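Visitor: Mind folding the following:
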Amino acid sequence: MRKNGFTMIELLVAVTILALLVSVAAPRYFGNMDRAKEDVLKEDLYIMRDAIDKFYADRNRYPASLDELVLEHYLRKVPIDPFTRSNRSWILVTSEDKGVTGVIDVRSGAPNAGRDGTWLKDW
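Guide: Below is the predicted model of the structure:
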């Protein structure tokens with residue numbers, strides 16, 4: 001009399017096929033996640049730099065912080081860095097010229113390199 005169910009061999013074959021599929025799909029998934037994070041970072045940097053430029057064009061001075069851009073409605077909120085997952089990790093660049101004060105540029109605080117080999121904090 002045969003009982004309903006799977007043999008150990010059938011289960012091992014099914015698990016092996018599943019492991020093979022996961023090993024093929026996982027690297028593509030994580031590669032796409034990194035690409036998406038880099039794209040979001042580039043867009044956020046573009047938007048913040050554009051807001052800094054518009055602030056300077058309107059007021060003839062640079063903002064003291066990113067929060068000032070929010071207070072003056074140049075940004076809705078300070079974006080979250082997709083790599084550090086914080087809106088407080090941005091590196092604020094100030095001018096070396098003593099006559100110019102405020103934030104002239106912004107960079108990511110991410111400690112790792114992008115897919116092209118350049119450091120994210122140098123973008």
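Visitor: and residue 47, what are its phi and psi?
Guide: phi -70, psi -40 (degrees, to the nearest 10).
Visitor: quick check, residue 26 in a helix?
Guide: Yes. Residue 26 forms part of a helix when assessed by DSSP: H, G, I helix; E, B strand; the rest coil.
Visitor: quick one, helices of this structure?
Guide: Secondary structure of the chain (DSSP state H): helices at 8-59, 66-71.
Visitor: need these in TSV with mean neighbour count, can you?
Guide: Just so you know, the C-beta spots here come from the backbone N, C-alpha and C atoms, and that holds for glycine as well. Shown next, in TSV, are the helices of the chain (neighbours: other CB atoms under 10 Å):
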stretch	mean neighbour count
helix 8-59	12
helix 66-71	16
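Visitor: and the ones you listed as TSV, adding mean pLDDT and distance to residue 107?
Guide: What follows is the helices of the chain, written out as TSV (pLDDT from 0 to 100; distance: least, CB to CB, whole Å):
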stretch	mean pLDDT	distance to residue 107
helix 8-59	92	7
helix 66-71	97	12
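Visitor: Can you add distance to residue 89 and give the ones you listed back as a markdown table?
Guide: What follows is these, written out as a markdown table (distance: least, CB to CB, whole Å):
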| stretch | distance to residue 89 |
| --- | --- |
| helix 8-59 | 11 |
| helix 66-71 | 11 |
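Visitor: Out of these, flag the one nearest residue 112.
Guide: Taking CB to CB, helix 8-59 is the member of the helices of the chain nearest to residue 112, at 9.6 Å.
Visitor: Alright, calling it a day.
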